[in-house]
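A.B. asks: Got a sequence here, can you model it:
(one chain, ligands or ions: 1)
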Amino acid sequence: MEKIAVTLREATVHYVGASSARISALERVSLDLYRGSWTALVGRNGGGKSTLSKALAGIAPLSEGRRSVGEDVSVHMVLQQPETQILGETVIEELALCASRELETSAPDHVRSRWEELLRGLGLTVPLDALVKRLSGGQKQLLNVAGCLVAGADCIVFDEATSMLDPASRQAVLNAAVSLHRSGRTIVWTTHRMEEVAAAERVLVLEHGRIVYDGGVETFFYGDGEAAPCKSLGFEPPFVVRTAKALLALGYPLASRPLRPEALAEAVTTA
Ligand SMILES: Nc1ncnc2c1ncn2[C@@H]1O[C@H](COP(=O)(O)OP(=O)(O)OP(=O)(O)O)[C@@H](O)[C@H]1O
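C.D. replies: Prediction:
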């Protein structure tokens, strides 16, 4: 049986807006996130993606319902604005703030070399003593990911973590998440970009605080004998899917339903 990382049951979040009006951001959402899974969370502006991300990470208090996490599961979050969650002046200071217990209990040289290795593993090639203000947005997001890791994250919720970044930085953060997923961590990836959804195994679509699609990524983009949920819910599929569909419509057989460029090339050449 698959092990649970995070469970929400009937999770509801209401905010109090201007003139005390109640804003319903999340309405009775129930879901299980399995350990080691990759879930993409999409939806139109204001649909409740950030609220659900925060509810999963445990930083949005629920108005109703409940959240529980699997045994020993530690859930952390990378926010949209890279600077929002950085307090340290230097890279090592930031990591130390995220992992104060480790500094207390380990030899400083050992900690430094381990953290240098951790940064390298994430593709962040800056010295530990680098000033945070000199880092690019993408480097800051990788530092935020490193902060999650030194804090012991098993599950990381990325809440539109690439939306403020240039394409190369976006790819670098996505690559870091892919390698963390390969190493067994649970990933939630909230995004507006359908290209990024292709990296997921499961897709959740939110509308007005409710889940309107919860299923596999291939079915989301290609449908299962009926209209693809991606299209019917109003999203433009990524280039690879559009190209594959155009080829199929022209009568070219494809060996699979590709989601990424390499898979499209293979589907065309092996058909
Ligand atoms: N702190 C808050 N106070 C009041 N209303 C809020 C607050 N945070 C979010 N909301 C409202 O809750 C609803 C859901 O917002 P949320 O940010 O979760 O959606 P979203 O899908 O992440 O949107 P976006 O794509 O624009 O980031 C929206 O109507 C939003 O205006």
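A.B. asks: now Ala200, nearest residue through space, not along the chain?
C.D. replies: Leaving out its chain neighbours, the residue that sits closest to Ala200 by Cβ to Cβ, 6 or more residues apart in numbering is Ala40, at 3.6 Å. Using the backbone N, CA and C atoms, a C-beta is placed for each residue, glycine as well.
A.B. asks: can you list the domain ranges for the chain.
C.D. replies: For the chain, the structural domains run 4-231, 238-270, going by the TED database.
A.B. asks: Check those for me and report the most buried one.
C.D. replies: Most buried of the domains of the chain, by mean neighbour count (mean count of other Cβ atoms under 10 Å): domain 4-231, with a mean of 18.
A.B. asks: ok so, going back, for the residue nearest to Ala200, list each beta-bridge partner.
C.D. replies: Trp189, Val203 (DSSP bridges).
A.B. asks: My guess is it contacts Thr191. True?
C.D. replies: Yes. Between Ala40 and Thr191 there is a contact under Cβ atoms under 8 Å: 6.5 Å.
A.B. asks: and for those two, which residues touch both?
C.D. replies: Val197 (Cβ atoms under 8 Å, 6 or more residues apart in numbering).
A.B. asks: shaky segments in this protein?
C.D. replies: For the chain, the stretches with pLDDT under 70 are 1, 100-107, 271.
A.B. asks: How much space separates the residue nearest in space to the middle of it from the ligand?
C.D. replies: A centroid search over the chain (Cα atoms, centre = their mean) returns Trp189, at 1.9 Å, as the residue closest to the centre. Per Cβ to the nearest ligand atom, to the nearest Å, Trp189 is found 13 Å from the ligand.
A.B. asks: got it, and Asp224?
C.D. replies: Computed with Cβ to the nearest ligand atom, the distance linking Asp224 and the ligand is 26 Å.
A.B. asks: can you check Trp115 too?
C.D. replies: Using Cβ to the nearest ligand atom, Trp115 is found at 32 Å from the ligand.
A.B. asks: Identify the residues contacting the nearest residue to Ala99 once chain neighbours are set aside.
C.D. replies: Excluding its sequence neighbours, the residue lying closest to Ala99 (Cβ to Cβ, 6+ apart) is Val150, at 3.8 Å. By Cβ under 8 Å, 6+ apart, the contact set of Val150 is Leu95, Cys98, Ala99, Glu102, Trp115, Leu118.
A.B. asks: now, among the residues you listed, which is nearest to the ligand?
C.D. replies: Ranked by distance to the ligand (Cβ to the nearest ligand atom), the contacts of Val150 are led by Cys98 at 24.4 Å.
A.B. asks: so that closest one sits right up against Gly152, yeah?
C.D. replies: No. Contact criterion Cβ under 8 Å: Cys98 and Gly152 do not qualify, at 9.2 Å.
A.B. asks: Name the nearest of the contacts of Val150 relative to Arg28.
C.D. replies: Ranked by distance to Arg28 (Cβ to Cβ), the contacts of Val150 are led by Cys98 at 33.6 Å.
A.B. asks: what about the residue nearest to that closest one when sequence neighbours are not counted, is that helix, strand or coil?
C.D. replies: In space, and not counting its chain neighbours, Cys98 is closest to Gly147: 3.9 Å by Cβ to Cβ, 6+ apart. Taking DSSP: H, G, I helix; E, B strand; the rest coil as the rule, one finds Gly147 in the helix state.
A.B. asks: okay but Gly147 is in contact with Leu95, surely?
C.D. replies: Yes. In this structure, Gly147 is within contact of Leu95 by Cβ under 8 Å, at 6.2 Å.
A.B. asks: still on that earlier bit, enumerate every residue touching the residue nearest to the centre of the chain.
C.D. replies: If you count contacts by Cβ under 8 Å, 6+ apart, then Trp189 has Trp38, Thr39, Ala40, Leu41, Phe158, Ala177, Glu196, Val197, Ala199, Ala200 around it.
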